[in-house]
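Colleague: Structure for the following, please:
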Amino acid sequence: MNTIFEKIQELDEIPSYSKHERFVEGIVNAINEKIITVGDALPSVNAMISSLGYARETVIKGYRELQNRGLIESKNRLGYFVSDDNTQQSLKVALLMYTIDTFQEQFYKSFRNELGANVHLDVFFHHGNIDVFETVFSMVKNRHYGMYVISPIHHPRTRELLNTIPRQKLLMFDRYEPLEGDFQYVVQEFEQSSYAIFEQLATVIRKFDKMLFFHNPDSLFPPEIVKSFQRFIKAYHIKGQVLRSYEPGSVEKGVVYYINDNAELWNLLRDCTAKKIKPGKDIGILSHNDEPVKELVGNGITTYSVSFNDMGKRAAQAVLSREAVHEVLPTKLVRRNSL
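Modeller: Sure, this is the predicted structure:
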């Protein structure tokens, strides 16, 4: 153990280094030189104070930074241990997502790329299930990450769980869940933005006889959009209805179809081909969340969404800079031939 102290004390010769920098860099050097390896115990806080003459706050702060970088971990009542020997990583981040659908994949790729190679990233999924969320969250929290990037579920238990994370270590993304105090977020808004999109499309929607909105209450689809649809058809006196799912073979002319489930969208387009119904002329189609395939199928599907690439990039920038970010990304309409 004396060798660890020596690696820290060696840096006394660099006058520009603070005690905190000597402490952290000294332990990093000890790991690089294999003086300590993964699984080895580190000196206790009291031992560091006694041998180095550092203040308790300096030692605790140094150990906390090494934890945030994922190099050491704290085991309850046992002390600190080396957990990783990749000293090039500057931060250890936990990413808790809904699932890995097309949109979440866009976010992940952008987020991972912007973070860079020196940030360790562990990815977890909760699939919109509060029990899974709680189980995964508890496991992740006990690993002491430097930053927790979480897409929350709208549920009373979610708030209780998120309140256990220090605010400076929490970044909420995609969906917003209100919490007390100041915290960081890069999210999208559903109800007002959807209503604004419907208003932009009101003139063309009125050219059709009615509008059908397909929404499965058991799905992960934001219920706020259903509210905005119901408010829109009432305000604009449009005949409309919310149905649980699209039934294959039920397509009819004169209808605007709001479909978000891709499997249902493919069924609708297949029915259009079979019945020689032309999207954009005989029927209208609108879908939430843009993706490359929607540009290609059905001669182009009209969509609206935020940019998940931008969301991933902004979230990563906030993690790296530790800047205070409170950002609701703009929702954009992409007009194509289907509406």
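Colleague: Next, give phi and psi for Val140.
Modeller: phi -70, psi -40 (degrees, to the nearest 10).
Colleague: same question but for Ala41, I mixed them up
Modeller: phi -80, psi 150.
Colleague: So in terms of bridging, what pairs with it?
Modeller: Note on Ala41: beta-bridge partners Phe81, judged by DSSP bridges.
Colleague: Relative to Val82, how far out is it?
Modeller: Separation of Ala41 from Val82 (C-beta to C-beta, to the nearest Å): 8 Å. From N, CA and C alone the C-beta is placed, and that goes for glycine too.
Colleague: who has more neighbours, those two?
Modeller: Set side by side, Ala41 and Val82 show more neighbours around Val82, with 19 against 14, by other C-beta atoms under 10 Å.
Colleague: Would you mind confirming that the more buried one makes contact with Ile35?
Modeller: No. At 10.2 Å, Val82 and Ile35 do not qualify as touching, with contact defined as C-beta atoms under 8 Å.
Colleague: So which residues of the protein form helices?
Modeller: 2-9, 19-32, 45-52, 56-68, 102-115, 130-141, 156-162, 191-200, 202-205, 223-235, 262-275, 292-296, 308-321 (DSSP state H).
Colleague: any idea which of these scores lowest on pLDDT?
Modeller: Lowest mean pLDDT within these: helix 2-9, a mean of 84.
Colleague: Just want the angle from that helix to helix 56-68.
Modeller: 100 degrees (axes from the mean of the first three to the mean of the last three C-alpha atoms, to 10 degrees).
Colleague: With only the CA atoms kept, save helix 2-9 in CSV.
Modeller: Extracted C-alpha coordinates of helix 2-9, given in CSV (Å, rounded to 0.1, in the frame of the first residue of the first chain):
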residue,chain,number,x,y,z
ASN,A,2,2.9,2.3,0.6
THR,A,3,3.6,2.3,-3.1
ILE,A,4,0.2,4.0,-3.8
PHE,A,5,1.1,6.8,-1.3
GLU,A,6,4.5,7.2,-3.1
LYS,A,7,2.8,7.5,-6.5
ILE,A,8,0.7,10.3,-5.1
GLN,A,9,3.6,12.0,-3.4
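Colleague: Please report how far the closest residue to Asn163 other than its chain neighbours lies from Thr164.
Modeller: Using C-beta to C-beta, 6 or more residues apart in numbering and skipping residues adjacent in sequence, the residue nearest Asn163 is Leu179, 6.5 Å away. Computed as C-beta to C-beta, the Leu179 to Thr164 distance reads 11 Å.
Colleague: out of those two, which sits in the more crowded spot?
Modeller: It is Leu179, of Leu179 and Thr164, that has more neighbours when counted by other C-beta under 10 Å, with 17 against 10.
Colleague: can you tell me which residues contact that one?
Modeller: Counting by C-beta atoms under 8 Å, 6 or more residues apart in numbering, Leu179 touches Arg159, Leu162, Asn163.
Colleague: can you put those in a markdown table and add distance to Arg336 and neighbour count?
Modeller: Compiled in a markdown table, these are given as follows (distance: C-beta to C-beta, whole Å; neighbours: other C-beta atoms under 10 Å):
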| residue | distance to Arg336 | neighbour count |
| --- | --- | --- |
| Arg159 | 39 | 14 |
| Leu162 | 38 | 18 |
| Asn163 | 43 | 13 |
